[in-house]
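1. generate a structure from the sequence data that follows.
(chains A and B)
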Amino acid sequence: MSLSHVIPSKPPLPRGQRDNSALPPTRDDKPGKHLDASAPEPALTGIWVALATIAMMFAAFTSAAVVRQGASNDWEHIALPALLYINTGILILSGIALELARRTYLNGVKHGMPSAKIAVRWLTFSLLSGVAFLVGQIVVWWQLLARSVDFISSPTNSFFYVLTVFHAVHVAGGIGGLVRIWVKMRRFDLKRSTLNATCWYWHFMSVLWIYIFVLLIWKF
Amino acid sequence: MQHESALEAREPPVRAIGFVRRYIFSVDHKVIGLQYYALALVAVFVGMALSWLMRIHLVWPNWPIPGLHFLSKTGAPGNVMTPEYYLSLLTMHGTIMVFFVLTNAPFAALGNYFLPLQIGAEDMAFPRLNMLSFWITFLAFCVLMSSFFVSDGPPISGWTAYAPLSAVGSAAGPGQGMGQTLWAISIGIFCVASLLGALNFIATTLDMRTRGMTLMRMPLSTWAWFITSCISLFAFAVLLPTCILLCLDRMADTSFFVPSGLVISDRLQPHSGGSALLWQHLFWFFGHPEVYIAILPAAGIVSHVLINGLRRPLLSHKAIIFSMVAIGFLSYVVWGHHMFVSGMNPTSSLVFSFPTIIITIPAAVLTLTWLGSIYGSRLRLTTASLFALGFISMFVSGGLSGFFLAQPSIDIYLHATYFVVGHFHIVMGVAAIFGVFAGTYFWFPKMTGRMLNEGLGRIHFWGSFVGAYCIFMPFHYLGMAGNVRRYAAFVDDYMAPLMSVHRFITIAALVMGIVQMIFLVNLLYSLWRGPKAPDNPWECTSLEWATSSPPPADNFGGRSPIVYRDPYQYGVDAAGKDFVMQNEPFYAESASIPHLAEAAEAQE
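-> Okay, the predicted model is just below:
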């Protein structure tokens, strides 16, 4: 039996589809959407996606650590150096300074006279404290090695170094980003999306570090 | 058909860039897509050659294969491969095929080329990052291939690299020294490339769509690439840390995956307290979504190609999209079904079995939507639509054997047999490759400006279709008969009666390989000598056909298309055509509606 009578060869409009051409333009159809402030910013989307990836990588390390802790009875506790608390404070200060730099710069742009000097000052402070955090982490590793808390003697140590080094690598990338916007801000050619994307990344580094630090205090 | 070039009237954009910047370190997504395609093509023929060597060895284990000792002196003395070298080839076949073919070809290659075109973008969101992704992938491939040339050859631990075998170093056997280290580094590098690629795909889909291209107006292939990039973002984000931990176990003597008291070759290993199961959990958390990273782009491409052949939309556009999203979500909660025999808690087996059976629901929705749409239609039987039908056939056959394996009690018997090999080759390997073939035959005119030869294409299809079933269907029979996998030769008495089946499979594999040469010849011949392709040879509605073949460097000649409607407007009566393109402002018969005519004029 043929079904051709059920499905006409040329239906007036395909099933399940609407002909939208008679409808008014959607929000996306607005002309010049790339110029207005709410236009999509690939840099920002890219950073959001990257942050999701980084979060997932640390989730993988965390779950590995939790499983490894339960797998055997060789999990030892590490006495965390006090310097870690200071480093944490430095990283938070760096984030605050960056946020002040961002607001000062964007506020200046909005009012037509970029108060870049103050913004650059805040940014310089943020950048230097970011570097200070990295140096502080290196000192922490050095202190621990001096206490013969080495990489392989226990799984706790291994995970401590893996988590902190992996975070430090990402912070180093963030410092690269800060240097980039520092140069651009001094030249007054910093785009809003670049600034915002870098700020999101850097703030995420602080949040990630606080997460790792709490994990270290709680589990290590 | 639109025979005149849509862009003929205008000057082609002239850019003063040299050969190297244009073809090698190009930032053009089309060139990068072709580079990925070429890499996948090289990889697939290397992988296929390895499978030939393995199949020949399985059936005629004492046959010398001329020249094999050049590949490895210790692995193939007198041109006859050792059992260990068989495992090395098995590992390399799996790794090359899964990572560099099934991940690269349907997703990175075709996705790179056509995703920006289908959404009306000039390029990807981050072109330089895109170039970086390809070259990092290339580096990963080189590192992997270099393991053929180190002293004791490639690793023997399979593409899943189970610990502790993969983690303890050269004591565990040939290839477990430098070869396994190179494997781990290569896969780590590949993860970085895939993460950058996925990031680019997501940002492009979200931010680079042209005017009027809402998410629901995107073609199904674009949806599939988008969902796949979301899946690979999280999957490779877990595999990268896993590879790092494996490298540390191997190179820094940490103990993440190696249990204590492990004695290999009379030597107590210097590790303690690690968990071998941890590797399996982390690996399969990546590994199962990886199956969908291979199959979903193929499903999207097949939907796109099929609709064009059917000349009417699928029963439901949304059902396909939501099923693919559901498969994407569910792919993260089923990884334990690869570990039913790992010694995992039996309750966990049940927990993983349940979502595995649930995932058949969206898969069945996809299949029924395709089949229901084909029912009663007058399908244009081009080579592309033949491969689309072939994909559905493989998807169903491979999916059905999945029902059996999803149940722990049956899997315990079948797990280490050829049944599993047959299952995943059909559903993941052949199906995804058929999707790539469908895409290749469909889009070759757009990519090169030349038509592929349809006659050779049909021979290629029937050879591949019959060949694939001849190779992989008997695997299921062998598995049920208890034929274990990963063995280099079958010398036990109970397997002797099965050897005739093995011989049949080997011959089928050799013939199937020769059939693929027809594809290669067709590809190369048509590239230079094929008839010139018009802009829209298949009378398709989506945006990639709204530009010239091949498209200019900036895709649409500096004029962004405007999208007016859903992607698949076939089966309409529009000025003698049965389709309306997404960027055509109005139907011919709608010209009487004043505001539409004005809109059309405004666009002109």
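
2. what's stretch B:201-214 in contact with?
-> A:25-26, A:28-31, A:33, A:40-42, A:45-46, A:49, B:111, B:115-116, B:119-126, B:215, B:218, B:222, B:225-226, B:228-230, B:233, B:543, B:560-564, B:582 (Cβ atoms under 8 Å, 6 or more residues apart in numbering or on different chains). Quick note: C-beta positions are derived from backbone N, CA and C, even for glycine.

3. and with 6 Å instead?
-> A:26, A:28-29, A:40, A:42, A:45-46, A:49, B:119-121, B:124-125, B:226, B:229, B:560-563 (Cβ atoms under 6 Å, 6 or more residues apart in numbering or on different chains).

4. now stretch B:425-432
-> B:102, B:106, B:291, B:294-295, B:298, B:391, B:394-395, B:397-399, B:468, B:472.

5. tell me who's in contact with residue B:353.
-> Here residue B:353 is in contact with B:406, B:408 (Cβ under 6 Å, 6+ apart).

6. C-terminal to the helix or strand where it lies, what's the next element?
-> In this assignment (DSSP states H and E), residue B:353 forms part of helix B:346-358. Next in sequence after helix B:346-358, counting helices and strands by DSSP H and E, comes helix B:360-374.

7. just the buried residues of the helix holding residue B:353, please?
-> B:349, B:352-353, B:355-356 (16 or more other Cβ atoms under 10 Å in any protein chain shown).

8. quick check: mean pLDDT across it?
-> Mean per-residue pLDDT for helix B:346-358: 90.

9. CA atoms only: put that helix into PDB for me.
-> Output of helix B:346-358 as PDB, limited to C-alpha atoms (Å, rounded to 0.1, in the frame of the first residue of the first chain):
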ATOM      1  CA  PRO B 346      28.200  -4.800  42.400                       C
ATOM      2  CA  THR B 347      25.700  -2.100  43.600                       C
ATOM      3  CA  SER B 348      27.600   0.500  41.600                       C
ATOM      4  CA  SER B 349      27.200  -1.800  38.600                       C
ATOM      5  CA  LEU B 350      23.500  -1.600  39.000                       C
ATOM      6  CA  VAL B 351      23.700   2.200  39.400                       C
ATOM      7  CA  PHE B 352      25.600   2.500  36.100                       C
ATOM      8  CA  SER B 353      23.500  -0.100  34.300                       C
ATOM      9  CA  PHE B 354      20.300   1.900  34.800                       C
ATOM     10  CA  PRO B 355      21.300   5.200  33.000                       C
ATOM     11  CA  THR B 356      23.000   3.100  30.300                       C
ATOM     12  CA  ILE B 357      19.600   1.600  29.500                       C
ATOM     13  CA  ILE B 358      18.000   5.000  29.800                       C
END
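
10. now it: how far from the chain's centre is it?
-> Centroid separation between helix B:346-358 and its chain, computed with Cα atoms, centre = their mean, to the nearest Å, is 26 Å.

11. on that earlier part again, residue B:442: which of the buried residues of helix B:346-358 is nearest?
-> residue B:356 (32.3 Å; Cβ to Cβ).

12. in this structure the closest one contacts residue B:334, no?
-> Yes. With contact defined as Cβ atoms under 6 Å, residue B:356 reaches residue B:334; the gap is 4.7 Å.

13. find the nearest non-adjacent residue to the residue in the stretch 251-400 of chain B that chain A sits nearest to, please.
-> Nearest residue of the stretch 251-400 of chain B to chain A, counting by Cβ to the nearest Cβ: residue B:273, 3.2 Å away. Leaving aside its sequence neighbours, residue B:273 sits nearest to residue A:72 (Cβ to Cβ, 6 or more residues apart in numbering or on different chains; 3.2 Å).

14. what about that neighbour, neighbour count?
-> 15 (other Cβ atoms under 10 Å in any protein chain shown).

15. which SSE is the residue nearest to residue B:383 when sequence neighbours are not counted in?
-> In space, and not counting its chain neighbours, residue B:383 is closest to residue B:457: 3.3 Å by Cβ to Cβ, 6+ apart. Residue B:457 is part of helix B:454-480 when elements are defined by DSSP H and E.

16. elements contacting that helix?
-> Under the contact criterion of 3 or more Cβ pairs under 6 Å, 6 or more residues apart in numbering or on different chains; DSSP states H and E, helix B:454-480 touches helix B:383-405, helix B:418-424, helix B:499-529.

17. do that again at 10 Å, thanks
-> Helix B:454-480 is packed against helix B:383-405, helix B:408-414, helix B:418-424, helix B:431-448, helix B:499-529, with contacts defined by 3 or more Cβ pairs under 10 Å, 6 or more residues apart in numbering or on different chains; DSSP states H and E.

18. quick one: the residue of chain A found nearest chain B from residue A:56, how far?
-> Per Cβ to the nearest Cβ, residue A:72 is where chain A lies closest to chain B, at 3.2 Å. As judged by Cβ to Cβ, to the nearest Å, residue A:72 and residue A:56 stand 26 Å apart.

19. before we move on, the earlier item: and the residue nearest to residue B:273, what is it in contact with?
-> By Cβ atoms under 10 Å, 6 or more residues apart in numbering or on different chains, the contact set of residue A:72 is A:155, B:255, B:259-260, B:272-275.

20. per-residue confidence at it?
-> 85.

21. dihedrals phi and psi, it?
-> Here is the backbone geometry of residue A:72 (degrees, to the nearest 10): phi -150, psi 170.

22. also residue B:256?
-> Per-residue torsions, residue B:256: phi -80, psi -40 (degrees, to the nearest 10).

23. any idea how far it is from residue A:132?
-> Residue B:256 is 32 Å from residue A:132, by Cβ to Cβ.

24. these two: who's more crowded?
-> With neighbours defined as other Cβ under 10 Å, residue B:256 and residue A:132 compare such that residue B:256 has more, 29 against 16.

25. residues touching the residue nearest to the more buried one when sequence neighbours are not counted, list them.
-> Spatial nearest neighbour of residue B:256, chain neighbours left out: residue B:245 (4.6 Å); criterion: Cβ to Cβ, 6+ apart. Residues in contact with residue B:245 (Cβ under 10 Å, 6+ apart) are A:60-61, A:64, A:68, A:158-159, A:162, B:163, B:167, B:184, B:254, B:256-257, B:274, B:278-279, B:282.

26. show me what contacts the one residue sitting closest to the centre of chain B?
-> Ranked by distance to the mean C-alpha position of chain B (Cα atoms, centre = their mean), the top residue is residue B:102 at 2.5 Å. By Cβ under 10 Å, 6+ apart, the contact set of residue B:102 is B:40, B:43-44, B:47, B:96, B:290-291, B:293-295, B:297-298, B:428-429, B:431-433, B:435-436.

27. among the residues you listed, name the ones in strands.
-> Among those, no residue falls in strands (DSSP state E).

28. check what pLDDT the residue nearest to residue B:533 when sequence neighbours are not counted gets.
-> Leaving aside its chain neighbours, residue B:533 sits nearest to residue B:445 (3.3 Å; criterion: Cβ to Cβ, 6+ apart). Per-residue pLDDT puts residue B:445 at 96.
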